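# sequence first, then the predicted structure:
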Amino acid sequence: MDLSITIAGVRFPSCVMNASGALCVTHEELLALGRSRAGAIVTKSMTIEPRDGNPTPRYYGFPGGSINSMGLPNLGYRAYAALIPELKTFGKPVIASVAGLCEDDFQIIATVINAAKPDLIEVNLSCPNIPGKPQIGYDTEASERLLKRVRKVITVPMGVKLPPYFDPAHHSAMGSVIGRCGVDFLNLINSVGNGLVVDPEHEVVVIKPKGGFGGLGGASIKPVALANVRAFWKIFEGRMPIIGTGGVVSGVDAFEHLLCGATAVQIGTVLVEEGVNVFDRLETELVAQLSKKGYASLEECRGKLKEL
């Protein structure tokens, strides 16, 4: 079965790809994604200067998910701009994920990265792990101001990675912002911020930064991710391509995202835990699920979730 998709006119050989942040920081990690069955190469969200990130341990996997407070470790935008031509030789789309520690950073990075000609640019409004820095995605006015600034310098398809929202009023407000800013696709969601995992045996938190607080990922956040995919699919009446991110650890999970309206899915926790061979497993499982349910293509099931 053909698992290829198209987002904003760009063809992807598979609908399953890495989420920014998962095994995509270094040159070697990005090359490994290029050689894998991943449908794209998504870079780490990049900042102006290279960052080592938060002190370790900063990632912890547990039954049902993971918690992390990475602190945006990355090579800096100049290094990723230089790597983009090499990454494009793998014959799959390159999605450059752009972050920043202030609004001006986003525009500077977007200008240079756009000139390097990635296939798409993802503007990350949902970096939850910088101590003392709030997520821009929870401030609609700041989000709109920033997106309109970077849209002026980005000439490739532009997407937005959003934090999880937990109230229909927030879905609606951000949907209105997205509709005014020339956005070509959405990535939903980033990790669920400020969770806390405790080691009861040693009576201690499991990660060092922020007193143990960090972003939750993996299976435990799937219901939140599905709710956001469905909410924005309805807001845009199925016309806005959505990448579903959160809780995809099996082909059935990917199928659920498609039913809710996702065009593609990204993986984080399961990629960190299993490595790049996980793409083969997930694609095989997704094809099996689609065949079991009698769907001949991804398009046939997209957005077809029934309500009681």
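Nice, I can see it. Numbering: from 1, shown residues only.
# the helices in the stretch 101-250 of the chain, which residues?
103-115, 140-151, 168-180, 222-235 (DSSP state H, counting those that start in this stretch).
# Arg37 is nearest to which of these?
When the helices of the stretch 101-250 of the chain are compared by Cβ to Cβ, helix 222-235 sits nearest Arg37, at 22.0 Å. For the C-beta atoms, the positions are set from N, CA and C on the backbone; glycine is no exception.
# and the closest one with helix 168-180, angle?
Angle of helix 222-235 versus helix 168-180, following axes from the mean of the first three to the mean of the last three Cα atoms, to 10 degrees, is 50 degrees.
# list the buried residues in helix 222-235.
For helix 222-235, burial by neighbour count (16 or more other Cβ atoms under 10 Å) applies to 222, 224-233, 235.
# returning to that earlier point: make CSV from the helices of the stretch 101-250 of the chain and add distance to Thr56 to it.
Shown next, in CSV, are these (distance: least, Cβ to Cβ, whole Å):
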stretch, distance to Thr56
helix 103-115, 25
helix 140-151, 31
helix 168-180, 33
helix 222-235, 27
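# contact partners for the residue nearest to Gly214 when sequence neighbours are not counted?
Leaving aside its chain neighbours, Gly214 sits nearest to Ser69 (3.7 Å; criterion: Cβ to Cβ, 6 or more residues apart in numbering). Counting by Cβ atoms under 8 Å, 6 or more residues apart in numbering, Ser69 makes contact with 54, 58, 129, 207-210, 213-215.
# low-confidence ranges, this protein, go.
Within the chain, the set of residues satisfying pLDDT under 70 comprises 128-133.
# what is the burial count for the spatially closest residue to Pro50 that is not a sequence neighbour?
Leaving aside its chain neighbours, Pro50 sits nearest to Gly76 (3.9 Å; criterion: Cβ to Cβ, 6+ apart). When neighbours are counted by other Cβ atoms under 10 Å, Gly76 registers 14.
# next: the one 4 residues further on.
Close neighbours of Tyr80, defined as other Cβ under 10 Å, add up to 28.
# quick one: it is in a helix?
Yes. Counting by DSSP: H, G, I helix; E, B strand; the rest coil, Tyr80 falls inside a helix.
# that one against Met46, yeah?
Yes. Here Tyr80 reaches Met46: they are 5.1 Å apart, a contact under Cβ atoms under 8 Å.
# got any residues that touch both of these two?
By Cβ under 8 Å, 6+ apart, Tyr80 and Met46 have these common neighbours: 74, 96, 113.
# which one of these sits closest to Glu285?
Glu285 lies nearest to Ala96 out of those, by Cβ to Cβ, at 28.9 Å.
# list the beta-bridge partners for the closest one.
Beta bridges link Ala96 to Ile121, judged by DSSP bridges.
# state the number of residues packed around it.
Close neighbours of Ala96, defined as other Cβ under 10 Å, add up to 31.
# now do Ile84
As a burial measure, Ile84 scores 19 neighbours (other Cβ under 10 Å).
# just give the nearest non-adjacent residue to Glu256, would you?
Using Cβ to Cβ, 6+ apart and skipping residues adjacent in sequence, the residue nearest Glu256 is Leu226, 6.1 Å away.
# Pro134 versus the one you found, what's the distance?
25 Å (Cβ to Cβ, to the nearest Å).
# please apply the same query to His171.
From His171 to Pro134 the distance is 19 Å (Cβ to Cβ).
# and Pro73, what is it in contact with?
By Cβ under 8 Å, 6+ apart, the neighbours of Pro73 are 25, 44, 51-54.
# show me which of those are buried.
Buried among these by 16+ other Cβ under 10 Å: 25, 44, 51, 53-54.
# could you export these as a markdown table, including secondary structure and distance to Ile243?
Formatted as a markdown table, those follow (DSSP: H, G, I helix; E, B strand; the rest coil; distance: Cβ to Cβ, whole Å):
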| residue | secondary structure | distance to Ile243 |
| --- | --- | --- |
| Val25 | coil | 20 |
| Lys44 | coil | 16 |
| Arg51 | strand | 24 |
| Gly53 | coil | 24 |
| Asn54 | coil | 26 |
